[in-house]
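# this is a predicted model, with the sequence first.
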Amino acid sequence: MYLSKLTLDPRHPQARCDLSNRYDMHRTLVRAFAPDEHSQPARFLWRLEPMLSFASRPVVLVQSGSPAQWSALDAFPGYAQEILGNKPVDLEQLIQAGTRYRFRLHANPTVTREGKRLGLCQEADQLAWLNRQAETRGFNLIACLRSGNERIHARQSKSGQRITVQSVLFEGMLETNEPDGLRLAVRNGLGHGKAWGLGLLSLARMA
């Protein structure tokens, strides 16, 4: 698995466009995972990190199973102020049974009713969703803070279709009980809306 960190220049026209429309951001990032627009891109997950202050630069974290070709962004000179690309992560070594981690997850908690997928807006429902994810994916929640509860609006460039996705930021501490399940959750992400920068589960081992 590989992690890349892109620090964008918010003054760049393409960066401004991408930061205002997550569909456009995904289309830009796809360039690093497909040789051309007709090829199926390799799977990847991404997240626009929370801004700590008005002076902060926008940061995009990208996780992929194969190395990204960030030279593809040379088509937009100045788009990124810094690219820290393709840091290898050994999930077999990182994720061990009984180990505790700090985590961050920007997700789209949903429930399916009468064949329709509905976004969950209430905190209790969102936390219950995350606990269900934990039960089936090999980890226990030790502590969790919910923030950034909002609806993300995006418009597809080709069709013009407007899409709204409920999102929430979870941060806290978890413990592994089934390492293989948690490794799969990290590789594949949690929930829906992955093209809109949701689902990436980030872990940092606690000392």
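Sure thing, it's come through. Numbering: from 1, shown residues only.

# CA atoms for contacts and neighbours, from now on please.
Noted.

# what packs against the longest helix anywhere in the chain?
Ranked by residue count under DSSP state H, the longest helix found in the chain is helix 123-136. Using 3 or more C-alpha pairs under 8 Å, 6 or more residues apart in numbering; DSSP states H and E as the contact criterion, the elements in contact with helix 123-136 are strand 139-155.

# mind listing what's buried along the helix or strand that the strand it packs on is followed by?
The first helix or strand that comes after strand 139-155 along the chain, using DSSP states H and E, is strand 162-176. Applying a neighbour-count criterion of 16 or more other C-alpha atoms under 10 Å, one finds 165, 166, 167, 168, 169, 170, 171, 172, 173, 174, 175, 176 buried in strand 162-176.

# my read: the fifth one touches residue 144, true?
No - using C-alpha atoms under 8 Å as the test, residue 169 is too far from residue 144 to be in contact (10.1 Å).

# quick one: the helices in this structure?
In chain order, the chain shows helices spanning 13-20, 22-30, 91-94, 123-136, 179-188, with DSSP H as the criterion.

# list the buried residues of the shortest one.
The neighbour-count check on helix 91-94 (16+ other C-alpha under 10 Å) flags residue 91 as buried.

# how far off centre is it?
19 Å (C-alpha atoms, centre = their mean, to the nearest Å).

# pairing partners for the helix or strand bottoming out on mean pLDDT in the chain, with directions?
With mean pLDDT, DSSP states H and E as the measure, the helix or strand of the chain carrying the lowest mean pLDDT is strand 116-119 (a mean of 84). Strand pairing for strand 116-119, determined by DSSP bridges: strand 110-113 (antiparallel).

# and the contacts of the strand it pairs with?
Residues from elsewhere that reach strand 110-113 (C-alpha atoms under 8 Å, 6 or more residues apart in numbering): 117, 118, 119, 120, 129, 191, 192.

# any idea how many residues pack against the fifth one?
Spelled out, it's residue 129. For residue 129, the tally of surrounding residues (other C-alpha atoms under 10 Å) stands at 17.

# and for the first one?
Residue crowding around residue 117 was assessed by other C-alpha under 10 Å; the count is 12.

# I'd like the distance between the closest residue to it other than its chain neighbours and residue 64.
With C-alpha to C-alpha, 6 or more residues apart in numbering as the criterion, residue 117 has its nearest non-adjacent residue at 5.7 Å, and that residue is residue 111. From residue 111 across to residue 64, the span is 27 Å (C-alpha to C-alpha, to the nearest Å).

# more crowded one of these two?
Set residue 111 next to residue 64 and count neighbours by other C-alpha under 10 Å: residue 64 wins out with 20 against 14.

# residue contacts, the more buried one?
Remark: with contacts taken as C-alpha under 8 Å, 6+ apart, residue 64 is in contact with 1, 2, 3, 42, 43, 44, 45, 187.

# dump the buried residues of strand 162-176 into TSV; add pLDDT and distance to residue 91 as well.
Below are those laid out as TSV (pLDDT from 0 to 100; distance: C-alpha to C-alpha, whole Å):
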residue	pLDDT	distance to residue 91
165	84	30
166	87	29
167	91	26
168	94	25
169	95	23
170	96	21
171	96	20
172	97	20
173	97	18
174	97	16
175	97	15
176	97	13
